[in-house]
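>>> sequence and predicted structure are below.
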Amino acid sequence: MKRALTPGTFDPITSGHLDVITRAAQLVDEVVVAVAASPKKRPLFTLEERTDLVRQATAHLPNVRVEPFDELLVTFAEKLGATVVVKGLRAITDFEYEFQMTAINYQLNSALETLFIMSPPQYMYLSSSVVREIASLHGDVEQFVPPCVRDALARKFAE
Ligand code: COA
């Protein structure tokens, strides 16, 4: 069985992330969406909230499951028996950073392959921080996120 990891902080999951996960699910037998604790990023949503939102947003995809993690990506991949990491590549500005992460992951475990899926034009400039900013200013994020995330953001910024 070919198992892939799609890792990220998902603070929160956007339609761009969902597009990558959906495409990855068509390429392998099983996709595990790995939700990183990423404490340095001081996420808006807790790890539990982020994991739960990814679970809701991917519930319609039968070969996708969601797991939180708080360790090296290569270690988590080994534990799960995943042999591929799939990431989205948006604008050229992503390249340098992704290039560095991929190189380090290869250094840590050369057997773990990294694949990049180009984002379609409508998601090229989408990011979780843009979504958080719009929601914090009470703008409508409907076109950028799944409905469960829109509701969660509305609740978060009503607090
Ligand atoms: N669509 C929309 N947005 C996307 C996107 C896509 N396809 N791909 C990335 N993004 C955005 C995210 O929304 C986020 O936006 P923001 O920072 O403006 O909020 C940004 O790109 C960064 O994404 P993030 O999910 O934080 O991922 P990352 O590329 O920084 O990496 C991990 C996160 C979990 C993969 C990485 O930190 C990791 O591997 N951590 C484990 C520890 C480890 O192994 N470290 C060594 C690796 S070198």
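Received, thanks.
>>> what about His17, distance to Lys40?
Distance, His17 to Lys40, by Cβ to Cβ, to the nearest Å: 20 Å. Any C-beta I mention is one placed from the backbone N, CA and C, and that applies to glycine too.
>>> pretty sure Lys87 sits against Phe95.
No - the pair Lys87 / Phe95 is not scored as a contact, 11.3 Å apart, by Cβ atoms under 8 Å.
>>> so between these two, which is more surrounded?
For Lys87 versus Phe95, neighbours defined as other Cβ atoms under 10 Å are more numerous around Lys87 (18 against 12).
>>> identify the residue spatially nearest to the more buried one, adjacent ones excluded.
Phe116 (5.6 Å; Cβ to Cβ, 6 or more residues apart in numbering).
>>> A helix includes the one you found, no?
No - per DSSP: H, G, I helix; E, B strand; the rest coil, Phe116 lies outside any helix segment and is strand.
>>> circling back to that earlier point, neighbour count: His17 and Lys40, which is higher?
His17 (27 against 7).
>>> what about the one helix or strand that one maps to, distance to the chain center?
In this structure, His17 is located in helix 15-25 according to DSSP states H and E. Averaging C-alpha positions (Cα atoms, centre = their mean, to the nearest Å) puts helix 15-25 8 Å from its chain's average.
>>> only C-alpha atoms, please: export the worst-scoring helix or strand of the chain on mean pLDDT in PDB.
Lowest by mean pLDDT, DSSP states H and E among the helices and strands of the chain is helix 93-108, with a mean of 92. The C-alpha atoms that make up helix 93-108 are tabulated as PDB, following Å, rounded to 0.1, in the frame of the first residue of the first chain:
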ATOM      1  CA  THR A  93       8.200  32.500  -3.300                       C
ATOM      2  CA  ASP A  94       7.400  29.100  -1.800                       C
ATOM      3  CA  PHE A  95      10.300  27.500  -3.700                       C
ATOM      4  CA  GLU A  96      13.300  28.500  -1.700                       C
ATOM      5  CA  TYR A  97      11.700  27.500   1.600                       C
ATOM      6  CA  GLU A  98      10.400  24.200   0.300                       C
ATOM      7  CA  PHE A  99      13.700  23.500  -1.400                       C
ATOM      8  CA  GLN A 100      15.500  23.800   2.000                       C
ATOM      9  CA  MET A 101      12.900  21.700   3.900                       C
ATOM     10  CA  THR A 102      13.000  19.000   1.200                       C
ATOM     11  CA  ALA A 103      16.800  18.900   1.200                       C
ATOM     12  CA  ILE A 104      16.900  18.600   5.000                       C
ATOM     13  CA  ASN A 105      14.300  15.800   5.000                       C
ATOM     14  CA  TYR A 106      16.300  13.900   2.300                       C
ATOM     15  CA  GLN A 107      19.400  14.300   4.500                       C
ATOM     16  CA  LEU A 108      17.500  12.900   7.500                       C
END
